[in-house]
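**Q** all I have is the shape, not the residue letters:
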């Protein structure tokens, strides 16, 4: 069963996505900010039970704890730096085309506008079916 790291600072969205993904058969571990997300990722890697994918909110508190526009991009870069083959999907509340292009340029496999959970599930399932 694939293991997914979900990093989003909005508790209601986090819980909703977590439930949707778990119902679809995925194991999900959630974090509410970049620092906690990185810490959980590193612990899983060190513990021999790495994540198979990461879902990262685009705008959330950054590594310094302050609200940061595009903080998810910094976390994306750090995760890809640690594991270049990690599939990452960026989550955004808006259709922010320029930031999404930046995310893909940094190694994200795709993006999804929050609230479109079926679209997110379709992307996740497609990535896990890739050879």
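**A** Received the coordinates, thanks. Every value quoted in this text rests on a predicted model; they were computed, and no experiment measured them.

**Q** so what's the residue most central in space within the chain closest to, chain neighbours aside?
**A** Against the mean C-alpha coordinate of the chain, by Cα atoms, centre = their mean, the closest residue is residue 55 at 1.5 Å. Nearest residue to residue 55, sequence neighbours excluded (Cβ to Cβ, 6 or more residues apart in numbering): residue 6, at 4.8 Å. Any C-beta I mention is one placed from the backbone N, CA and C, and that applies to glycine too.

**Q** hmm, who's touching the helix or strand containing that neighbour?
**A** Per DSSP states H and E, residue 6 falls inside strand 3-7. Residues from elsewhere that reach strand 3-7 (Cβ atoms under 8 Å, 6 or more residues apart in numbering): 14, 17-18, 21, 26-34, 36-37, 40-41, 44, 49-57, 60, 72, 75, 124.

**Q** taking the residues you listed one by one, which sit in helices?
**A** Judged by DSSP state H, the contacts of strand 3-7 include 14, 17-18, 21, 34, 36-37, 40-41, 44, 72, 75, 124 as members of helices.
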